[in-house]
Structure formats: structure tokens, C-alpha cells
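Asks: Any chance you could fold what I've pasted below:
(4 chains)
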Number of protein chains: 4
Amino acid sequence: MNETYVVVDKEIKLNKPVLIEGLPGLGLVGKIAADYMISELGAKKFAEMYSPFFPPQVVIQPDGTVRMMRNEFYYWHNDDKSKSDLLFIVGDHQGNTPESHYELVSKTVDVAEMLGAKLVYTLGGFATGRLPKKPKVFGAVTDKSMIRSLKSAGVSFERSGVAIVGAAGLLLGESSLRGMKGACLMGETHGQIIDARAAKSVLLVLQNLLDLKLDLGGLEKRAKETEQMIERAEKAKEQQQVLQSLPAPGEGPTYIR
Amino acid sequence: MNETYVVVDKEIKLNKPVLIEGLPGLGLVGKIAADYMISELGAKKFAEMYSPFFPPQVVIQPDGTVRMMRNEFYYWHNDDKSKSDLLFIVGDHQGNTPESHYELVSKTVDVAEMLGAKLVYTLGGFATGRLPKKPKVFGAVTDKSMIRSLKSAGVSFERSGVAIVGAAGLLLGESSLRGMKGACLMGETHGQIIDARAAKSVLLVLQNLLDLKLDLGGLEKRAKETEQMIERAEKAKEQQQVLQSLPAPGEGPTYIR
Amino acid sequence: MNETYVVVDKEIKLNKPVLIEGLPGLGLVGKIAADYMISELGAKKFAEMYSPFFPPQVVIQPDGTVRMMRNEFYYWHNDDKSKSDLLFIVGDHQGNTPESHYELVSKTVDVAEMLGAKLVYTLGGFATGRLPKKPKVFGAVTDKSMIRSLKSAGVSFERSGVAIVGAAGLLLGESSLRGMKGACLMGETHGQIIDARAAKSVLLVLQNLLDLKLDLGGLEKRAKETEQMIERAEKAKEQQQVLQSLPAPGEGPTYIR
Amino acid sequence: MNETYVVVDKEIKLNKPVLIEGLPGLGLVGKIAADYMISELGAKKFAEMYSPFFPPQVVIQPDGTVRMMRNEFYYWHNDDKSKSDLLFIVGDHQGNTPESHYELVSKTVDVAEMLGAKLVYTLGGFATGRLPKKPKVFGAVTDKSMIRSLKSAGVSFERSGVAIVGAAGLLLGESSLRGMKGACLMGETHGQIIDARAAKSVLLVLQNLLDLKLDLGGLEKRAKETEQMIERAEKAKEQQQVLQSLPAPGEGPTYIR
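Replies: Residues are numbered from 1 along each chain as shown, chains lettered A, B, ... in the order given. Prediction:
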């Protein structure tokens, strides 16, 4: 393998598919959201993407076998034929150089185009340095006409002049150049923490847009666990500070002497 | 998209076109000059260049839509058919590696060649660490025969042994290899400051060379604003120094004690 | 030469060949093991691989001639025709960028495939920061069915979630994508020391798997020399510390004064 | 231009040509030697090599015109038809990445091969940290049979295990792969100083090998100028040290007080 290529395990047909992207990025927000959705819907894998732009390594899995770095395509048939089927791109990596980002995105849109997708949602995080109880979802679109319905679904459009770096941004640009529409949904996130709550916020919006109902309880649970971990870490830090301000054992406070 | 390509929105024909380059560089001199000229003349965009060598990102615009990184081609029809039409290359980037610089320049000259350009002016800054009231314009040419007319137009040729890095230089080299002539016009600039005055100097020369008359008042205004900002910054700095040389409150000067 | 290519010095045919990889890596474990095996078996070189991804240099050899950086293919005919012939890839380098790793591995598997290999063993080190008398051999496979026989041959499968970086890992991934099976054998090693003992451990396992009998005395000797060197270094260090804890000449211990 | 290419200004035929390489490297020894030889012999330029692997810039020349980065081919017809014509590759750069080194060398050998060269001499420096009056010339060859005649010409073969990095090394490797013979001649040099004396040593050997007689007075003169500069710098340094050990003006030596 010395170029990026897609291995198709199963030939599929999709009804008005919508492409959903959730590759690793800020706070893993997009990845957590898309992986969770795949798991909740029971979406099926049908293709894998390999690339010399991924890290040159394999990973040992719990059963002792190895697997290469890869991205994966999943699909989901909507029982309601009046609504859209879904197509997912998820996986290990976004690329390591400008050129590789462009190449991986280009190959992804090739697949989406071939399967007839006309609409793309890319999922990601938007770092604000805060960890709010109810993270906002910031949006950006390829087409002004999409803004009204996104606002109705709870998306905020107060940020401009900002760059969306990587697949979440480039996929919109590339799709647009090929006549597709798209929106990026970015959950407000701290930036340094793996953030299931921001992923939940993104999915709350996305299920509105797709007219789906997902059980998001699993994400809520995961978000609470993260919160408790952070609280414990902060308490430990406070106690540490209290201890440091006490005199060392066997020594009175220096200002009494 | 996994190679550099040009999207042509509108087929055009040009009369003896002259290519003018103003991509982001030192002091943004070339970019400011070319963008200003496009705006003053009312030149029209007819093509865009996309490349995997640009940063892998999109930018959110004030209206909520995204756009990819790109360079843009504009054209302007000269009402006086005895004079040259103009062709502009402006935009976001010059390239991030040696190879990408060469590639982007090569594609740019492809377009200029196809439209019949025989002459190229590249616009840029020349850092001297000074901010003169009347910045000089330094020149370099592909052909000795051009020097006399450039000198008449106010260009100085006192610098040699200097490298012109990036598009402003490479475009000359590449054009020359393809049988076109060209000159680089570099406005004297500080190097650390966005410099509308140097851009104005460059345009004063360029309008002579092209036998055009541009209203450069907008650039003069912008240059004055920059000046005032710098003056305020310097005053603030002086006051700061005065304050620092005063004794700290409640303390006489140390040399009295 | 501006692409990777293989120069075949001699056309060969192999009987059910097994590919064995031993390129430079952690502790040089894989390289030492494969080079030793080639030398013990008297395997013959039949092809060389050159690549623009190798360092751009030649090395002056003891006889005054130069040679380019390269990897080398060796073969060994098994006298027992019921058993496998062997094919080796050894040499100078693994690649310097992600893309080059993928390319060199791809060309290697091309050769193995052409010669009919269905099985690959890649040899390497696994850094634990320790230098045990009997280094373990950790394994990873492309196919769960291989685990039982590897365990019987003395391989441990207690590590998962770990990445195998470079040729030892990628060769498994690439082989697997082309329908071949493979295992990686990693000798436990310190990580900072050239480790013949770990190489011996790997070969103890590999000769079981291949039903071969190698004289590993040479590796044992080399391992002992390394040990003695380390012991001497540690003694020197201890003496150094003793000296440093003594009072400087002409000075009593500070706590007596 | 988005690939390396050679512009041939003049079609030439050469009689048993020998390729001589002198691109910029250690102490500029190879470059100085080859440029001097071209100038002394009155060799003529017939081709230029351009490449996207060169720095993306042009240089302003004293006459105000610009030129791109490039390497250059020169030829020289030997009046004595029983002896070899010469072919030179000299110029600005060797390449900036491993791949580019390989590519530029490959294109160079293409030209040499096309013109019938069977023998290559690459010229360079060998850093020893010393600046001897009579620098040695170290050698390396593609073919053991060449060593005897090189030794007779004054070449030393006492260095092995050393890498020759860049064009001076790779050209030998590449030539050898294509059935040509070659030797590298490396003048002993300090490593940090532009060294005309080492270049002279290399040419003393090379004129023996080629049975030529060059006037090397110009190199001797240049070497002496460098020497005087170094002497002045060292004297200045000594005086500086003397001054620093004297008491500051108006202050007696501190040990008298």
C-alpha cells in the first residue's frame, strides 16, 4: 500500500444518505458523538480506509491480533423510507500533513458522492476553556439557506472569523466544491478534557436535524463520571494546598520565632 | 481534491494582459496594494485556485458560511484598447514548503500564459527596519532592458545579492523561463508592521508603469491610522519609562540617603 | 533513482517460503536475530532494495569502496522439502516518514508475494527497561488461530493496547491485507542497550516455530560481553560515588568542625 | 515548474567524457575546486537544472536582473583527442530532503549517461578540525581496481566506516548502479572555514588523474588571504585577552589593595 485506498467489504445502496463525520479532534467531541450514534442505532461497517499518511504502526488488540490504523465507514438504513439513511466516517486519524488532510477528505467525499449523499454533518468541539453544564453548539454551514433550520434545532451562530481546522472543516469545503451542502456542529468544550457532555449537546441538535430519537443516557453517565473525576482532582489539589500552608511536622510556624 | 487546481467561474478574453501579483508577504505590502487596486478599479473575480498545500482548514465568515483557503484571479478590462488589460492573482497563501511554492507559482503562470500575458509585475515589501515618510520602491527585473523605464517610474535599483523569497520572486523566475518579462516592485517597509504607506509607494510607481490614475487616498488614510497607533504606543512606552525612573511611593531617591 | 526499487541479482524459486524480517529497531534485537540466522544457515543474498527514502549518503567500507544505503533479501533452501524455505529482509533502514515506512513495507511484501510466501515472522524488541537473564518473547498475530502454537513455542501474549511501530508491525498489517498470515516476535529488552540476549530469546522461539536447530552460542557470547561491559561501567560508577562521598584532600569532614 | 528538469541551451557531443561534481558542501571545497577548474579551462555552460526542491526564491544580481536557483552543466573539449573531455555539474544546491538529494543526483546522472560518461569524480571536503599547510586528500571509490592509480596520484585511503553525505556520495552510488565507475576526492579541511587550500589539494590530485596541467596560483592566493584573515582574527583575540587581564583604567590591580 503506497496510496490511500478504500476496502469495501459489502456493496450497499442508501436512500438519500446523509454523511456524518466524527474523527478524533478537540475533546474527542466528534468522535464520541459519532461512535455513540453508531452504537445506539446499530449501524453496520461496510468499508475501511487505509493510508500511508496514517502512523506507520499496528496496534495489539486484547485478543492478541494486530490491526492497522484505519478509518471506517458505517451505514444505517432508516426504517422510515421518507427519511434519510445515514453514512458515517469514523476512525483513528485525520492526517498528519496539510496534503494528507486534503487527500483523506477527498477520498471520503468520493465514497459519499458515489453513494448519493447530498448533505454532510461534521461533528467536533469548540474550545472555550469552560466546562458548562449545558454546552452550546456552535455552527457553520456551506449555504446560508441552512442557517434558519439549524437555529431552530438549537445551533448558535455567534462565532465568525474562526478557522475550523481538519476534517470537520475541510469536509464542508470539499463537499461544497462538489455541489453538496453541509454543516459543522461544534460542541462547546474546555479543550483539555475528553468531553462526553459536549458530545451529548451535539447529538441533541443532530437528532433534531435528522428527526431521530436517540437514548443519550450513556453519554450523560459518562459525562458525570468525568465530572466526579475532575471534582476529586480539585479536592485533592485543595487539600494539598491546605497541607502546604501548615507548618512542617516538629516545627512551629516561622513567624512565631 | 488532492492536487492544486483552478476553478474557472467565467471564461474571459483579455487584451495584452499584464499579470499583477499581490499575495500575503512582508508587511502585507503586496497584498494591500493589489487588493486596493482591485477594489479601486472594480476588477472582477473569474477563477479560484485550491490546493492541498494550503492549510487544511475552512474559515467561518460573518454570515455563518465557511470558505476554503484559496487564491483568486481577477481581471480588469481597460477602456483604452491601446493599453493593457489587467490580470490579478491575490488570496490567502503562498505555499508552505519549497515544492508547494513552485507548484502554486507554476499553476499561476499557466493561467497567465493561457490568457496571453507577456508581462508580470509582482508586488511586495523590502524590510529595512525603518518606517520612512516616503518609502522607496526597490526593483528587480527579468530583463535588463526594463530597468530604464522602471527608473523613470521611480524605482530604485541599489540592492543586489538579495534573495526575493516566495511568489514575488519565483513568479519572475518562472515567467522568464516561459519567455515572459517581469519586474518585482518592493516597497521599503519596517518588516514588523502592516504597512499601507509602502503599498501606496508601490502603487504610485505601478500606475506610472501602467499609465493608470488611481485614487490612493484610502491607502493614505490607512497609513495615517497606523502611524497614530504607533505614536500612541510610543507615548505610552515613554510615560512608562518616566514612571519607572521616579522613586517608588514613600521612598526618596536612593542617592540622597 | 527517484523511487523505491528492487534490484534482483539472481532469479530464485522457493518452496512454501516464510518471510523473516529483521531491520534495525529497538535494541537492534530483530536485526541481530535475523543477521545471525542468515550467517548460521548460510543464506544467500539475491536482491537489494534502494530507495530515495533512505538517508542520502554512501558509506566508505574497509576496502575503500562505497556502498549506498539499502535493504537486502536473502533466501535459504531447506534440505527437508516437507518444510519451508526461508526468505529474509534485512538491511540499513526502515524509512524516515510515515509514507516511506508504508512504501518500503509494500515493496517488501511485493517480493514475498511474488515468491509465494504465505507466512511472515517479524522480529523486534519490546522495551521494559529491564535486562533479565531470560528475556520473555512477546507476540502479536494477524490471526487468532496462530496463538496456540506460538504459546507452545514459548511466546507470551500478555501485552495489548500497545503499538508496534515500524516494519515489524506494518509488515503484519500489509501482509494480512494481502491474505497472508503473520506474527511479530518481540524479545524483552532494556531499550537503551544493543541486546544479543533478547535476540537469542527470539531465535529460541523462532527455531521452534520453524522446526530448525540453530547453534546460538555466538549470541550467548556476545550477550556475555555486553554484560561484562555493563558491569564494568557500573563498578566504575560506584567507585566514582565512593570517591565523591570522601572529604576533599586536606579537609576533614564538615560535620566535625 | 513542478518537477526537476534540465534546460539544454546547446546540443553537444563529448569524447569519453568524465563527469566532475562540485556542488556546495563542507568548506565549499568541492565547489571552489570545480568552479576554479571551469574558469581556468574556459569550460562552457550548455545546460541548467531547475527543481522545486531548490529554495523558493530568486536572487537579485548586480545588474538588477533576477535569477532562479539552479545547478549548471559545463563541458570542456580536450584538444588531445586521446584524452577525456570533461563534463561539470556545479551550482547552488544539493537538495533539502533525502528524496530531493536522490532526485537531483538521478537527473544529473541521466545527463552524464546520455553524453556517454563512464567515469565520475566527485569533489568535496573532509572535516578534521585542522587547517594543515598541506591538506591530505582522502578517497573513496566505486571499484577496488581504481585504488592503485588514485594512491599514485596522492590520494589517502585511511578512512573507512565514514558516510559521505549528499551529492559527492550519492553520485558515486547512483553511477555505480548504472554501470559507471567513480571516485570521491575529499580535501582535508577544518569544517568551519571556506577553504581554498583544500580545494587546491584536491585539484593537485585531480590534474594528475586527468593528466592535465592547471595554474593553481589563484587558489594559492585565495588560501593565503584566508590565512591572513584568520591570523588577524587570532591576534585581535589575543590582544583582547591581554587587555582583559590588565586592570581597568584608573584602578590599581585588585591584589595590591
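
Asks: How much space separates the residue sitting nearest the centre point of chain A from C:Ala183?
Replies: Nearest residue to the geometric centre of chain A (Cα atoms, centre = their mean): A:Gly30, 0.8 Å. Applying Cβ to Cβ, to the nearest Å, the value for A:Gly30 to C:Ala183 is 35 Å. Just so you know, the C-beta spots here come from the backbone N, C-alpha and C atoms, and that holds for glycine as well.

Asks: Repeat that for A:Asp211.
Replies: When A:Asp211 is compared with C:Ala183 (using Cβ to Cβ), they lie 49 Å apart.

Asks: These two - which one has more neighbours?
Replies: Neighbours around A:Asp211 and C:Ala183, counted as other Cβ atoms under 10 Å in any protein chain shown, are more numerous at C:Ala183. The numbers are 26 against 11.

Asks: coming back round to it: quick check: which element contains the residue nearest to the centre of chain A?
Replies: When secondary structure is defined by DSSP states H and E, A:Gly30 falls within helix A:29-41.

Asks: And for A:Glu238?
Replies: A:Glu238 is part of helix A:217-245, with elements assigned from DSSP H and E.

Asks: Quick one: list the elements packing against that helix.
Replies: Contacting helix A:217-245 under the criterion 3 or more Cβ pairs under 8 Å, 6 or more residues apart in numbering or on different chains; DSSP states H and E are the following elements: helix A:29-41, helix A:196-210.

Asks: Select, out of those, the one closest to C:Gly64.
Replies: C:Gly64 lies closest to helix A:29-41 among the helices and strands packed on helix A:217-245, at 57.2 Å (Cβ to Cβ).

Asks: Spell out which parts of the stretch 1-150 of chain A neighbour chain B.
Replies: On the criterion Cβ under 8 Å from any Cβ of the partner chain, chain B has as its neighbours in the stretch 1-150 of chain A the residues A:95, A:98-99, A:101-103, A:105-106, A:139-144, A:147.

Asks: all strands for the stretch 51-200 of chain A, in order.
Replies: In order along the chain, the stretch 51-200 of chain A carries the following strands (DSSP state E, counting those that start in this stretch): A:57-60, A:66-68, A:71-76, A:86-91, A:119-127, A:137-141, A:163-165, A:181-189.

Asks: Within the sheet, what are the partner strands of the second one, with directions?
Replies: Looking at strand A:66-68 with DSSP bridges, its partner strands are strand A:57-60 (antiparallel).

Asks: how far is the partner strand from where the chain is centred?
Replies: Relative to the mean C-alpha coordinate of its chain, strand A:57-60 is positioned 23 Å out (Cα atoms, centre = their mean, to the nearest Å).

Asks: Mind exporting the C-alpha coordinates of it to PDB?
Replies: Taking Å, rounded to 0.1, in the frame of the first residue of the first chain, the C-alpha atoms of strand A:57-60 are listed here in PDB:
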ATOM      1  CA  GLN A  57       2.200   1.100  13.100                       C
ATOM      2  CA  VAL A  58      -0.300  -1.600  14.100                       C
ATOM      3  CA  VAL A  59      -2.000  -1.900  17.500                       C
ATOM      4  CA  ILE A  60      -2.100  -5.100  19.500                       C
END
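
Asks: can you list the residues that contact that strand?
Replies: If you take Cβ atoms under 8 Å, 6 or more residues apart in numbering or on different chains as the criterion, strand A:57-60 is touched by A:66-69, C:140, C:159-166, C:169-170, C:172-173.

Asks: Among the residues you listed, the buried ones, what's the PyMOL command?
Replies: Entered in PyMOL, the line below selects the buried ones among these, by 16 or more other Cβ atoms under 10 Å in any protein chain shown:
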select buried, (chain A and resi 66+68+69) or (chain C and resi 140+159+162+164+165+166+169+170+172+173)
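
Asks: Kindly calculate the angle that the helix holding A:Gly30 makes with strand A:86-91.
Replies: Counting by axes from the mean of the first three to the mean of the last three Cα atoms, to 10 degrees, helix A:29-41 points 130 degrees away from the direction of strand A:86-91.

Asks: Please name every helix or strand in contact with the helix or strand following helix A:29-41.
Replies: Sequence-wise, the next helix or strand downstream of helix A:29-41 (DSSP H and E) is strand A:44-50. Contact here means 3+ Cβ pairs under 8 Å, 6+ apart; on that basis strand A:44-50 packs against strand A:5-8, strand A:71-76, helix A:98-114.

Asks: picking that back up, reformat the strands of the stretch 51-200 of chain A as JSON lines; add mean pLDDT.
Replies: As requested, the strands of the stretch 51-200 of chain A are arranged in JSON lines below (pLDDT from 0 to 100):
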{"stretch": "strand A:57-60", "mean pLDDT": "96"}
{"stretch": "strand A:66-68", "mean pLDDT": "96"}
{"stretch": "strand A:71-76", "mean pLDDT": "98"}
{"stretch": "strand A:86-91", "mean pLDDT": "98"}
{"stretch": "strand A:119-127", "mean pLDDT": "97"}
{"stretch": "strand A:137-141", "mean pLDDT": "97"}
{"stretch": "strand A:163-165", "mean pLDDT": "95"}
{"stretch": "strand A:181-189", "mean pLDDT": "97"}
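
Asks: Of those, which is nearest D:Gly124?
Replies: Using Cβ to Cβ as the measure, strand A:57-60 is the one of these that comes nearest D:Gly124, at 37.7 Å.

Asks: Quick one: find the helix or strand in chain A with the lowest mean pLDDT.
Replies: helix A:217-245 (a mean of 80; mean pLDDT, DSSP states H and E).

Asks: which parts of that one are buried?
Replies: Neighbour-count burial for helix A:217-245, counted by 16+ other Cβ under 10 Å, picks out A:219, A:222-223, A:226.

Asks: do the same with stretch A:88-104
Replies: Within stretch A:88-104, the residues that qualify as buried by neighbour count (16+ other Cβ under 10 Å) are A:88-104.
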